[in-house]
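Enquirer: Predicted model follows, preceded by the sequence.
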Amino acid sequence: MFRSRVAEAYLKKLNKNVIVTSAGIIRGYTPLNKREVDTAKEFGITLSGKPQGLSIDLIRDQDMIINVADDVPQSIFNNKEYIDLKKTKLVAWKIPDNVGATNLAKLRMIVRTIMKKVDKLNNDLQRKK
């Protein structure tokens, strides 16, 4: 949940004109811990609210789905019964998991990696206007 929530919050901070929602495979059962929230805050990213879980209704009408995680198979999103693959762009970022990341340096590396990916995404979205 941490990776997608960081990506969502950072993109919302950069671009007020884009509608972005994050969701995890596991529906918010694992709340973000204080270290994760504090690490994101170091980079000016505020993580708030309860995480939501992935659902067919949520993914059905998206223009783009970004699989932030490296441990979630992309094939989950390749189901033409749920997603119009002609309309919806699928992207895989493969950001490493932070489970058990007591190492602050690892959490910071994850946030920096996500920020670079979001910066590029935002620049691409701005060019397409």
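Expert: Thanks, I have it.
Enquirer: Show me where the chain has its strands.
Expert: With strands called from DSSP state E, the chain shows them at 64-69, 89-95.
Enquirer: mean confidence score for the shortest one?
Expert: Throughout strand 64-69, pLDDT has a mean value of 90.
Enquirer: what are the pairing partners of that strand, and which direction each?
Expert: If you go by DSSP bridges, strand 64-69 pairs up with strand 89-95 (parallel).
Enquirer: Can you show me the CA trace of the strand it pairs with as PDB?
Expert: Provided in PDB are the C-alpha atoms of strand 89-95 (Å, rounded to 0.1, in the frame of the first residue of the first chain):
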ATOM      1  CA  LYS A  89      -2.900   2.000 -20.900                       C
ATOM      2  CA  LEU A  90      -1.100  -0.500 -18.600                       C
ATOM      3  CA  VAL A  91       2.200   0.500 -17.100                       C
ATOM      4  CA  ALA A  92       4.500  -1.500 -14.800                       C
ATOM      5  CA  TRP A  93       7.000   0.400 -12.600                       C
ATOM      6  CA  LYS A  94       8.300  -2.600 -10.600                       C
ATOM      7  CA  ILE A  95       9.200  -0.700  -7.400                       C
END
